[in-house]
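Student: what's the 3D shape of this:
(4 chains)
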4 protein chains.
Amino acid sequence: MEPIPVAILGATGAVGQRFVQLLDHHPWFKVTTLCASDRSVGKTYAEGCRWLLDTPMPEWAREMVLQPTIAEVINEPIVFSALPADVAFDLEPALAQKGCVVCSNASAHRMDEDVPLILPEVNAEHVDLVHWQRQRRAWRGAIVTNPNCTSTGMTVVLKALDQIFGVKRVIAVSMQALSGAGYPGVASLDITDNVIPYIRGEEEKVSLEPRKMLGVLKDGQIKFHPVAISAQTNRVAVLDGHLVCLSVECDTRPTPEEALRALESFVTPDWLMDLPSTPKPPIVVRRENDRPQPRLDRMTGRGMSTVVGRVRADEVLDLKMVVLSHNTIRGAAGASIYNAELIVRKGLLP
Amino acid sequence: MEPIPVAILGATGAVGQRFVQLLDHHPWFKVTTLCASDRSVGKTYAEGCRWLLDTPMPEWAREMVLQPTIAEVINEPIVFSALPADVAFDLEPALAQKGCVVCSNASAHRMDEDVPLILPEVNAEHVDLVHWQRQRRAWRGAIVTNPNCTSTGMTVVLKALDQIFGVKRVIAVSMQALSGAGYPGVASLDITDNVIPYIRGEEEKVSLEPRKMLGVLKDGQIKFHPVAISAQTNRVAVLDGHLVCLSVECDTRPTPEEALRALESFVTPDWLMDLPSTPKPPIVVRRENDRPQPRLDRMTGRGMSTVVGRVRADEVLDLKMVVLSHNTIRGAAGASIYNAELIVRKGLLP
Amino acid sequence: MEPIPVAILGATGAVGQRFVQLLDHHPWFKVTTLCASDRSVGKTYAEGCRWLLDTPMPEWAREMVLQPTIAEVINEPIVFSALPADVAFDLEPALAQKGCVVCSNASAHRMDEDVPLILPEVNAEHVDLVHWQRQRRAWRGAIVTNPNCTSTGMTVVLKALDQIFGVKRVIAVSMQALSGAGYPGVASLDITDNVIPYIRGEEEKVSLEPRKMLGVLKDGQIKFHPVAISAQTNRVAVLDGHLVCLSVECDTRPTPEEALRALESFVTPDWLMDLPSTPKPPIVVRRENDRPQPRLDRMTGRGMSTVVGRVRADEVLDLKMVVLSHNTIRGAAGASIYNAELIVRKGLLP
Amino acid sequence: MEPIPVAILGATGAVGQRFVQLLDHHPWFKVTTLCASDRSVGKTYAEGCRWLLDTPMPEWAREMVLQPTIAEVINEPIVFSALPADVAFDLEPALAQKGCVVCSNASAHRMDEDVPLILPEVNAEHVDLVHWQRQRRAWRGAIVTNPNCTSTGMTVVLKALDQIFGVKRVIAVSMQALSGAGYPGVASLDITDNVIPYIRGEEEKVSLEPRKMLGVLKDGQIKFHPVAISAQTNRVAVLDGHLVCLSVECDTRPTPEEALRALESFVTPDWLMDLPSTPKPPIVVRRENDRPQPRLDRMTGRGMSTVVGRVRADEVLDLKMVVLSHNTIRGAAGASIYNAELIVRKGLLP
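Tutor: Below is the predicted model of the structure:
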């Protein structure tokens, strides 16, 4: 198979760097354009990017010249977007109109009613919304989004519980990593010996996005899942990996052991099993009493698995548990790439 | 007034050091005995104690010789206990029998039915249980306890809400400081770039202790409050200050503004207002969207106030909010000292 | 004595906040103007300042309205400058011309030949340079500077050694705190689980500034001390307190014990002993093998003492030792205030 | 080639875990015995080891039963020792007598005059000391050691400089990672927001070990290199990777550019180039002004390369520079494995 050319928007940021890292040696995709903000345009990627990852910058990326963030320079069939929401708002539709499939980590269009918000093991079937999107907007391309980094892991877990017991009410308290705030992001003077109990806009996303993903697509519309979700989101001094403490109420109250079995037996649909980014298994259940931990477990399944532990009875709702997911891999760049693979598998490239 | 002699058990540990620090220049108490474990007995405090606080070790303490942890060496009317639970189990009753009032931070006897578990602004009246304790056990002294460091702040907040709206169900997720684990406590290799989602025995205490303190003392018995409490407790890379995210359901659902007013108008009983350790006010409400934070707010009210912020409507229960309390001051040594002042005020010294 | 009105330039930054904190209840000075950058002008200090210190913002400061950073709004006899060097470059001389004595922490004019660079216990006599400065520049006011935060502690120690043994060659390796980079300063993603072995412009200052302070003022000129200083400066994950490992070669090789005695017997000139900021003693010598440590020792002498430890023979030069100094107190705001007190004591206010 | 069976002593500790990790899929060696301290003997490795690394415990190791740390249970031709010095003192000679080649990371026998202390790219030829060792001690096996983790990187750099310019005097100040202290090692309460300027026994090792490795083997004796080394060693809040600031004086003063060329052209002897652990190149020179950094650069060359940067003129000696080396890979387990490969290549297995 000929490699499919892809572009990366916002290539020098924290998530953009993850795109570059994860697309190195990708079996299907080849990066042919890197876009950045005005002050870096014209520099090589090696000059314009303050590389923060602990693997070396891929050689092929070093000498690529950074392009402006405009539709004119992009002709790839797949575009990965790590743009800020305000920049994404106009540019992503322009690219979709032009024929690109934009696999976006930006929040700008996640809640548009004809834009699918996808985690393949949760709601791969929502990708059919692309047909309605194209029809309604007269686009040759499309916009496909993945959720906020904190919603990611908990939605996978809620899906596994929902399909057996039905989920009704959820209280989520997160302890989120520094990389989720981008670079430079959180000042060291703010987070050393400290926790910041507030992340702008985050709680709203965590309350709403899982309901769209757990919803049902019918006649070109997604009916949101009725689950009520309360979120408190906190920033802690961790580099990567968002930890979420969940309390969950179900329609049918499971025992912790029943819940563990539901989580352990959760599977990715067969037709997705051989996508390059599919984590196997999608959920890794830890039965030790002190796991998952961000530093030790975030790279489970090359950073694409959802890790859950401490599943036990809750004194107020039904179950409580701890969920971990790598925020810049599974919660951002890796999620967009996984969605792009789904698009290819479904034959949705224009 | 002649200073009252006091002894400190477990004087070289993390909480013991806070006792020494907080009793420096205390207007009522004078430390006359410091007890430590066998390997330090006979050394001076300066020699036997690895001082971890950022104020200097008080001069009077430096040359005091560490005594063995046995009842024979203690003749003070007030004894502060920072002992491990297993050592406290036998020694504290022996001291109470001998005539000492043991103000204990240890968990060994907190749940004994005739031992008061006290936060003065919450349940000062429970101190009358001392009469029943003396009668039942034929003790001249007494054991009076303060709660676990994580229960402390949230119980003050729950009291303020309970007396107006009634509290019915609570979900608490904590982010706890390193000093709560004592010294050496948490290994740096375990907590750097990490969160540990488990603290042994902690969730059980947080579920139960507030119910005793919010309960009613009648005829020598405490009827526990029926509130259901679910806790998930986590260790984070913070030196001091336990942060707790609460979701609360009330009998009468308050608006966030009503809850804020209840918290801001919460007062310590008049007859306690001039105790040396009384924080004024008992609850400090922060209305910024990103407070309280452990490093910035833990010393509010010299570490004795409970700080609460982010009070808002909860999508699942009624209210959510964030509570901060200094774990080794208000949640440990300061709490025991405050209780001792209550004992003196009530004339309960033998 | 009537309080002397003072202004603070750069009042909302990390060093500016220290000025506000340290001038709270200062016995001689009263803050009457706070200046800030354009985007904060017109706001109250409470609104315009993201307060980072763990003591509360003083009440008197909260409601002060932030003024523009221009000479026209300043009429105080003493002005404290926490400005960036480029802004200080023109404004400080304008203020000096107008009659203000600018006690500056900025580096802009430190090396001007007629501007004294002062640590009172080291070279208080250099303050006489103010007469020459006024004469040469036809100023009514003056500019008086204090050194870079890393130079501060090591210069005090070198002075104590120099006056007895003569210092000839020095190798200094620093481990510097985050607050030295201002706010927001160092990104948490850059320093968590890391050291950054570079601080822009720092090594040049550390090599040169001590030589001016250890120099001799004669006929309106400072003859720099001939000591050769090599510096390597590193940023580490510490909030406050710069630690410096020194290797020192002397004209007359002292034993470690002789050096310890020289350090312990170092005294501040008598006529400065009752200044409000004078640390007593100026140098605190620690004889334990693992001190000084930034978190435990930075507040020695209310953050104004220089702490030195691990004094021992060096295999290559003569002595090695570890020096600690609080970078935003002794190395910045506290140093400027101390210099202002010296100016007042010398009768150098216009 | 048939895999060579190897045993690991101290297999559950921080360095022991690195041995297990690095020997997973090793092309020459196969782990057949894991030894641990008494309280873990009889457990499986999965039960007895608190695994701290962020790659999963290898499957083959999980079910291996931990053996006692005694000569009787060990029959492998190669034994890797991660023992504490006191346990290593008697056991390593007993194993050597029995016929094992002990590749030891313990300090117990490093300075024995007939025990080679080896970094293959520095002094592979010292391995011939094994013949003298066998002769003198009537051993069939041998003890071969690698240096202390801090000495490692700087010795590689000093070798590259010494063979061209001659090194005469060195001042080294280290900033060392937490993993160097083993597990549990440094308490989080000691190192959060702090630096500890003392590591027991470390400075002595850093002053002496490089001199043995840079020395000349002649007639069964190593003549130590005369270079004078002064060391100040500090612990900082970094998980892995020791950073060392060096000032170096040479017999012939090189310019920084000459030094850079010497470092960049330093090569491993040809006959070692195809050993599995040989880093290529042995020294990686960074020319940016802020590298190397522990978190970003410690895994250079799979953690086996020495990384050097900031090479510049020194105001006191000749050159200054910053050296980084991964302390538990290149500075411990990886070094022992590399030495074992050298032993095999030289045909020195009994």
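Student: check contacts around A:I171.
Tutor: Counting by C-beta atoms under 8 Å, 6 or more residues apart in numbering or on different chains, A:I171 touches A:229-231, A:246-247, A:317, B:171, B:247, B:314, B:316-317. (Glycine included, C-beta is placed from N, CA and C.)
Student: cool, A:V130 as well?
Tutor: Residues in contact with A:V130, defined by C-beta under 8 Å, 6+ apart, are A:116, A:142, A:144, A:343, A:348.
Student: if you set the cut-off to 6 Å instead, what comes out?
Tutor: With contact taken as C-beta atoms under 6 Å, 6 or more residues apart in numbering or on different chains, A:V130 is in contact with A:142, A:348.
Student: show me which residues of the stretch 51-200 of chain A sit near chain B.
Tutor: Taking C-beta under 6 Å from any C-beta of the partner chain as the criterion, the neighbours of chain B within the stretch 51-200 of chain A are A:169, A:171, A:173, A:175, A:193-198.
Student: now, which of these sits nearest chain D?
Tutor: When these are compared for distance to chain D, the smallest value, 5.0 Å, is given by A:D193; criterion: C-beta to the nearest C-beta.
Student: pLDDT score for the closest one?
Tutor: Listed pLDDT for A:D193 reads 98.
Student: hang on, it packs against B:A237?
Tutor: No. At 7.5 Å, A:D193 and B:A237 do not qualify as touching, with contact defined as C-beta atoms under 6 Å.
Student: more neighbours, those two?
Tutor: When neighbours are counted by other C-beta atoms under 10 Å in any protein chain shown, B:A237 comes out ahead of the other of A:D193 and B:A237, with 29 against 24.
Student: and the more buried one, how far from B:S179?
Tutor: Relative to B:S179, B:A237 is positioned 12 Å away (criterion: C-beta to C-beta, to the nearest Å).
Student: joint contacts of the two?
Tutor: Where contact means C-beta under 6 Å, 6+ apart, no residue is in contact with each of B:A237 and B:S179.
Student: on that earlier part again, for the contacts of A:I171, which PyMOL command selects only the ones that are buried?
Tutor: Filtering the contacts of A:I171 down to the buried ones (16 or more other C-beta atoms under 10 Å in any protein chain shown) takes a single PyMOL command:
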select buried, (chain A and resi 229+230+231+246+247+317) or (chain B and resi 171+247+314+316+317)
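Student: farthest pair within the residues of the stretch 51-200 of chain A next to chain B?
Tutor: Within these, A:R169 and A:D193 form the most distant pair, 34.8 Å apart (C-beta to C-beta).
Student: get me the contact residues on chain A for chain C.
Tutor: Residues of chain A that fall close to chain C, judged by C-beta under 6 Å from any C-beta: A:52, A:178, A:183-184, A:186-189, A:191-192, A:239.
Student: take those residues and keep only those in helices.
Tutor: Cross-referencing those with the helices (criterion: DSSP state H) gives A:188-189, A:191 as the overlap.
Student: highest neighbour count among those residues?
Tutor: Ranked by neighbour count (other C-beta under 10 Å), those have A:S188 at the top, with 26 neighbours.
Student: now that one: how far from chain B?
Tutor: Going from A:S188 to chain B by C-beta to the nearest C-beta, to the nearest Å gives 12 Å.
Student: hey, C-alpha coordinates of the host helix or strand of A:D86 in CSV?
Tutor: Here A:D86 is covered by helix A:85-98, with elements defined by DSSP states H and E. What follows is helix A:85-98, C-alpha atoms only, in CSV (Å, rounded to 0.1, in the frame of the first residue of the first chain):
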residue,chain,number,x,y,z
ALA,A,85,-10.1,26.1,19.3
ASP,A,86,-10.3,29.6,18.0
VAL,A,87,-8.0,29.0,15.0
ALA,A,88,-9.6,25.6,14.4
PHE,A,89,-13.1,27.2,14.2
ASP,A,90,-12.7,28.6,10.7
LEU,A,91,-9.8,26.6,9.3
GLU,A,92,-11.1,23.1,9.8
PRO,A,93,-14.4,23.7,7.8
ALA,A,94,-12.4,25.3,5.1
LEU,A,95,-10.2,22.2,4.8
ALA,A,96,-13.1,19.9,4.9
GLN,A,97,-14.8,21.8,2.1
LYS,A,98,-11.6,21.6,0.1
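Student: just checking the distance from it to the centre of its chain.
Tutor: Offset of helix A:85-98 from its chain centre (C-alpha atoms, centre = their mean, to the nearest Å): 19 Å.
Student: please name the nearest non-neighbouring residue to the residue of chain A most remote from its centre.
Tutor: If you look at how far each residue of chain A sits from its centre, by C-alpha atoms, centre = their mean, the farthest one is A:E315, at 31.3 Å. Excluding the flanking residues, the one nearest A:E315 by C-beta to C-beta, 6 or more residues apart in numbering or on different chains is B:S230, at 4.1 Å.
Student: is that neighbour part of a helix or strand, or is it coil?
Tutor: strand (DSSP: H, G, I helix; E, B strand; the rest coil).
Student: find me the pLDDT at it, would you?
Tutor: Looking at B:S230, its pLDDT is 98.
Student: please apply the same query to A:D54.
Tutor: Here, the pLDDT recorded for A:D54 equals 85.
Student: residue boundaries of the strands in chain A?
Tutor: In chain A, the strands defined using DSSP state E lie at A:4-9, A:29-34, A:78-81, A:101-104, A:142-145, A:167-176, A:216-218, A:221-223, A:228-235, A:242-250, A:283-286, A:306-313, A:319-325.
Student: select, out of those, the one closest to D:E92.
Tutor: That would be, of the strands of chain A and by C-beta to C-beta, strand A:283-286, which comes in at 37.8 Å.
Student: can you list contacts of the closest one?
Tutor: By C-beta under 6 Å, 6+ apart, the surrounding residues in contact with strand A:283-286 are A:263-264, A:266, A:292, A:300, A:305-309.
Student: and the furthest pair within those?
Tutor: Set against one another by C-beta to C-beta, these have their most distant pair in A:F266 and A:P292, with a gap of 16.0 Å.
Student: out of the contacts of strand A:283-286, which one sits closest to chain D?
Tutor: Nearest to chain D out of these is A:T300 (C-beta to the nearest C-beta; 8.0 Å).
Student: give the burial count for that closest one, as a bare number.
Tutor: Per other C-beta under 10 Å, the neighbour tally for A:T300 reads 24.
Student: how does chain A divide into domains?
Tutor: Segmentation of chain A into domains, based on automatic domain parsing, reads A:4-148+A:332-345, A:149-327.
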